[in-house]
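Undergrad: what follows is a protein structure lacking sequence information:
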Ligand SMILES: NC(=O)C1=CN([C@@H]2O[C@H](COP(=O)(O)OP(=O)(O)OC[C@H]3O[C@@H](n4cnc5c(N)ncnc54)[C@H](O)[C@@H]3O)[C@@H](O)[C@H]2O)C=CC1
Ligand SMILES: CCCCCC(=O)/C=C/[C@H]1[C@H](O)CC(=O)[C@@H]1CCCCCCC(=O)O
């Protein structure tokens with residue numbers, strides 16, 4: 001898929017990895033809607049990006065992705081403003097083992113909601129033109145920390161759901177490619193959460209273990225993750241792929257044993 005002229009929706013696009021991919025999409029002449037709960041970050045990011053890429057290419061919609069009606073409205077507003085939808089990146093995520101029910105809602109339930117809403121606006125089963133979806137998981141699904149049981153569970157869930165939906169898209173001729181992206185540690189504000197009892201609960205006493213892991217595995221830049229995302233967007237041969245991005249191996253893919261049946 002060529003990106004120029006395409007319309008993208010990115011959840012959690014106001015900062016971190018999401019903001020990096022929003023900027024890359026704009027650099028490639030896409031129209032973008034940023035869906036994020038943080039009004040200040042979202043409006044600030046829009047102001048900066050409008051200065052760099054001109055007005056009319058970026059919309060910011062304040063929305064908590066857990067609010068299904070608001071998320072549905074954000075998708076519709078995107079289509080109303082830009083005419084169609086081609087790319088959806090379900091990126092919004094948190095690290096909160098203390099309020100783990102909320103974390104499941106954000107990291108997994110909202111990714112499912114975002115995927116289904118994306119299909120409503122892109123799938124040929126709904127008379128649309130096709131498109132591509134990226135769901136953001138984590139390397140925590142392959143090399144986990146004992147201090148992140150529910151974060152790890154949500155990221156495993158994203159992979160499982162994404163792989164099944166990719167198969168469903170083939171079987172149902174949706175015309176939509178659906179892939180997962182699994183970064184290692186990335187230099188964003190999310191990493192600061194390991195220091196906070198409000199986020200880690202009883203696991204906060206193990207924060208030095210995270211620092212050790214970061215030193216051992218290295219910390220990636222958001223722009224590199226955006227590079228991987230753009231490959232998932234543009235490579236029409238990728239569906240059901242699980243892209244891994246690490247300091248040691250760069251951008252690569254997980255391979256699964258073929259199913260025996
Ligand atoms: N930073 C890292 O080391 C890694 C991050 N990831 C994943 O990448 C994704 C992005 O993370 P980062 O950019 O690092 O985090 P971040 O904390 O820097 O940015 C996350 C963005 O999502 C927004 N957000 C959070 N909850 C929301 C909600 N309920 N509704 C709407 N927006 C919401 C925040 O306002 C923020 O703008 C997450 O899914 C995270 O789990 C995966 C592997 C490593
Ligand atoms: C610290 C807040 C969690 C958000 C960032 C994230 O998803 C971190 C994942 C790490 C998890 O906490 C434990 C890990 O080891 C994950 C990173 C694994 C990187 C593996 C790199 C392997 C390699 O380079 O070969």
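TA: Nice, thanks for sending it over. Source: prediction; values computed, not measured. Ligands and ions are numbered 1, 2, ... in the order given.
Undergrad: what does the stretch 1-150 of the chain have sitting close to ligand 1?
TA: Contacts of the stretch 1-150 of the chain with ligand 1, taken as C-beta under 6 Å from any ligand atom, map to 11-12, 14-18, 36-38, 41, 64-66, 91-94, 106, 136, 138. From N, CA and C alone the C-beta is placed, and that goes for glycine too.
Undergrad: now, the residues you listed that are in helices?
TA: Among those, the residues falling in helices (DSSP state H) are 16-18, 41.
Undergrad: so which of the residues of the stretch 1-150 of the chain next to ligand 1 sit within strands?
TA: 11, 36, 136 (DSSP state E).
Undergrad: for residue 55, give its distance to residue 31.
TA: Residue 55 sits 12 Å away from residue 31, going by C-beta to C-beta, to the nearest Å.
Undergrad: more crowded one of those two?
TA: In this view residue 55 and residue 31 are compared by other C-beta atoms under 10 Å, and residue 31 has more residues nearby, 24 against 9.
Undergrad: starting at the chain centroid, how far to the top strand by length along the chain?
TA: What stands out as the longest strand in the chain, according to DSSP E, is strand 176-183. Distance of strand 176-183 from its chain centroid, counting by C-alpha atoms, centre = their mean, to the nearest Å, is 8 Å.
Undergrad: so which elements touch it?
TA: Judged by 3 or more C-beta pairs under 8 Å, 6 or more residues apart in numbering; DSSP states H and E, the packing partners of strand 176-183 are helix 110-122, strand 131-136, helix 149-171, helix 222-234, strand 242-246.
Undergrad: distance to ligand 2, mean neighbour count and mean pLDDT added to these, as JSON lines?
TA: Formatted as JSON lines, these follow (distance: least, C-beta to the nearest ligand atom, whole Å; neighbours: other C-beta atoms under 10 Å; pLDDT from 0 to 100):
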{"stretch": "helix 110-122", "distance to ligand 2": "14", "mean neighbour count": "21", "mean pLDDT": "99"}
{"stretch": "strand 131-136", "distance to ligand 2": "9", "mean neighbour count": "26", "mean pLDDT": "99"}
{"stretch": "helix 149-171", "distance to ligand 2": "6", "mean neighbour count": "19", "mean pLDDT": "98"}
{"stretch": "helix 222-234", "distance to ligand 2": "11", "mean neighbour count": "20", "mean pLDDT": "98"}
{"stretch": "strand 242-246", "distance to ligand 2": "3", "mean neighbour count": "21", "mean pLDDT": "98"}
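Undergrad: can you verify my assumption that residue 201 contacts residue 95?
TA: No. Using C-beta atoms under 8 Å, residue 201 is not in contact with residue 95, being 11.1 Å away.
Undergrad: please say which of the two ends up with more neighbours.
TA: Neighbour count, other C-beta under 10 Å: between residue 201 and residue 95, residue 95 has more, with 21 against 15.
Undergrad: so what's that one up against?
TA: 103, 148, 151, 190, 193-194, 199-200 (C-beta atoms under 8 Å, 6 or more residues apart in numbering).
Undergrad: which one is it nearest to, not counting chain neighbours?
TA: residue 193 (4.4 Å; C-beta to C-beta, 6 or more residues apart in numbering).
Undergrad: report the secondary structure state of the one you found.
TA: Residue 193 carries the three-state label helix when classified by DSSP: H, G, I helix; E, B strand; the rest coil.
Undergrad: surely it and residue 97 touch.
TA: No. If you go by C-beta under 8 Å, residue 193 and residue 97 don't touch, sitting 9.4 Å apart.
Undergrad: mutual contacts of those two, please.
TA: Both residue 193 and residue 97 are in contact with 199-200, where contact means C-beta under 8 Å, 6+ apart.
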